[in-house]
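[1] kindly generate the corresponding structure for this input.
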Amino acid sequence: MSHGKLRLDNNCLNCGRIVEEKFCPNCGQENIEPKQKFHYLFTHFIEDFTHYDGQFWKTIKYLLFKPGKLTNEYLAGKRQQYVVPVKLYIFMSFITFFLFSLSSPISSPSVLDNKAAKKEAQKEIMDAIRTNDVLGNVNAGSNHLTKKDSLALIKARKIIGDSAKVNNLLEAADISKKLSEESNIYGAKTKVEFDKYQKSHPSWTNFLKRPFADKFFELKELGIPQKEILVRFLETAFHNLPKALFIYLPLFAFFLWIFHNKKKWWYFDHGIFTLHYFSYLLLIITLFWVIDKIFRPFSGVGFFQFIRRLSIFLITIYTLIYFFLAHHRVYNSGRKFSVLIGIVLFILNFFAFSFVLVCLIGLSFLMVK
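    Numbers count the residues shown, from 1 in each chain. Prediction:
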């Protein structure tokens, strides 16, 4: 329920009709003053999503504890008192991935800052150590070090603070250099070798390999460290995951459509069931995140860890049977049929979603910058 100040005039600012109470009977707009206090922007945003009049909390309660009821209510035409399925899914997806982005180690600002600082320090060390081929002189023996070499090592020791670590770093630098030179894709170390290999081994899969090979050699030429590539890849994959889930929704509904009466159940009906079911899964993921954050400060206390594990175990068991309960109540099918359909759909969706994940991984790699 909005807390905006009501207008004294009873003409709707949107369509011009007479407003007898709070909302226009023609367009539904609330008859409030167009200018409000600044905090209204935020309170209105929250209210629009959560509906403090009870719509949001009633929807969440049914979504959690009454599998299938929301779908039945929506298909029966009782829609005003619940959050619209698409809006519910988008909101849950936003909340879930927003919370995970805050605590994700790959996107944490402090971690990224530390990595940037570490990378800069390593670059400075490498520049110092490689002055006048220090690596070669060190391997030949300390007596062969020139004055410039010695100064370079002193600079490196000042940066690191430990002479033993300098020696380890020398070895690591040499190894990483070899790894960079020896790294290959599809057996090719360079783009020229890859082109020759494709010409001598024609295959229908070559056009699939080409984009990945081009991206690999591009990153290799830029000299980006392998760990940095991995971090960038994980960040890209994480940002693409919500898109992959949203794209997968129609496919999940399609599998439901295949196994049910086409005259009685339309694809639209399966879509509503799918949106509610995926919203529940996102809500459970968020709940796991909350449980982890609550009990993390008590990681050394056995009792609290027992409660944490027990909570996760019970929620997991409930989630496993949630689909069967929801399917049984929505489609009015027998329990055995719901179990059979659930098993078949699990197998189909396992392979289908695995394929989507593989595509996501490939796309994420191609999008690494």
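
[2] using PDB, write out every CA atom in whichever strand or helix holds S101.
    For S101, the host element (DSSP states H and E) is helix 85-103. In PDB, the C-alpha atoms belonging to helix 85-103 read as follows (Å, rounded to 0.1, in the frame of the first residue of the first chain):
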ATOM      1  CA  PRO A  85       4.800 -15.200 -11.700                       C
ATOM      2  CA  VAL A  86       7.200 -13.400 -14.100                       C
ATOM      3  CA  LYS A  87       7.700 -10.500 -11.600                       C
ATOM      4  CA  LEU A  88       8.300 -13.000  -8.800                       C
ATOM      5  CA  TYR A  89      10.900 -14.900 -10.700                       C
ATOM      6  CA  ILE A  90      12.800 -11.700 -11.800                       C
ATOM      7  CA  PHE A  91      12.700 -10.400  -8.200                       C
ATOM      8  CA  MET A  92      14.000 -13.700  -6.800                       C
ATOM      9  CA  SER A  93      16.700 -13.900  -9.400                       C
ATOM     10  CA  PHE A  94      17.800 -10.400  -8.700                       C
ATOM     11  CA  ILE A  95      18.000 -10.900  -5.000                       C
ATOM     12  CA  THR A  96      19.800 -14.300  -5.300                       C
ATOM     13  CA  PHE A  97      22.500 -13.200  -7.600                       C
ATOM     14  CA  PHE A  98      22.900  -9.800  -6.000                       C
ATOM     15  CA  LEU A  99      23.600 -11.500  -2.600                       C
ATOM     16  CA  PHE A 100      26.000 -13.900  -4.100                       C
ATOM     17  CA  SER A 101      27.900 -11.100  -6.000                       C
ATOM     18  CA  LEU A 102      28.400  -9.300  -2.600                       C
ATOM     19  CA  SER A 103      30.200 -12.400  -1.100                       C
END
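
[3] surely H276 meets T71?
    Yes. If you go by Cβ atoms under 8 Å, H276 and T71 touch, sitting 5.1 Å apart. All C-beta spots, glycine's among them, are computed from the backbone N, C-alpha and C.

[4] output the below-cut-off pLDDT ranges for the stretch 1-150 of the chain.
    Per-residue confidence for the stretch 1-150 of the chain (pLDDT under 70) gives these ranges: 1-4, 35-54, 103-150.

[5] picking that back up, residues in contact with the helix holding S101?
    With contact meaning Cβ atoms under 8 Å, 6 or more residues apart in numbering, helix 85-103 is reached by 49, 59, 63, 70, 74, 83, 107, 238, 241-242, 245-246, 249, 272, 275-276, 278-279, 282-283, 285-286, 289, 293.

[6] how about stretch 293-300?
    S103, F304, Q305, I307, R308.

[7] at 7 Å instead, please
    F304, Q305, R308 (Cβ atoms under 7 Å, 6 or more residues apart in numbering).

[8] among the residues you listed, name the buried ones.
    Neighbour counting with 16 or more other Cβ atoms under 10 Å marks R308 as buried within the contacts of stretch 293-300.

[9] same for the helix or strand that Y318 is a member of, what does it pack against?
    Element membership for Y318, per DSSP H and E: helix 302-331. With contacts defined as 3 or more Cβ pairs under 7 Å, 6 or more residues apart in numbering; DSSP states H and E, helix 302-331 has these neighbours: helix 69-75, helix 267-295, helix 335-366.

[10] the ones you listed: lowest mean pLDDT?
    Mean pLDDT per stretch puts helix 335-366 lowest among the helices and strands packed on helix 302-331, at a mean of 84.

[11] quick one: buried residues of it?
    S338, V339, I341, G342, L345, L348, A352, F353, V356, L360, S364, F365.

[12] could you do stretch 271-282 as well?
    G271, I272, F273, T274, L275, H276, Y277, F278, S279, Y280, L282.

[13] same check on stretch 308-319?
    For stretch 308-319, burial by neighbour count (16+ other Cβ under 10 Å) applies to R308.

[14] can you put the helices and strands packed on helix 302-331 in a markdown table and add distance to I317?
    Formatted as a markdown table, these follow (distance: least, Cβ to Cβ, whole Å):
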| stretch | distance to I317 |
| --- | --- |
| helix 69-75 | 20 |
| helix 267-295 | 12 |
| helix 335-366 | 15 |
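
[15] do you know which of those helices lies nearest C24?
    When the helices and strands packed on helix 302-331 are compared by Cβ to Cβ, helix 69-75 sits nearest C24, at 25.1 Å.

[16] so the closest residue to T236 other than its chain neighbours versus H239, what's the distance?
    Distances taken as Cβ to Cβ, 6 or more residues apart in numbering put S364 closest to T236, at 4.3 Å, once the chain neighbours are dropped. For S364, the distance to H239 equals 8 Å [Cβ to Cβ, to the nearest Å].
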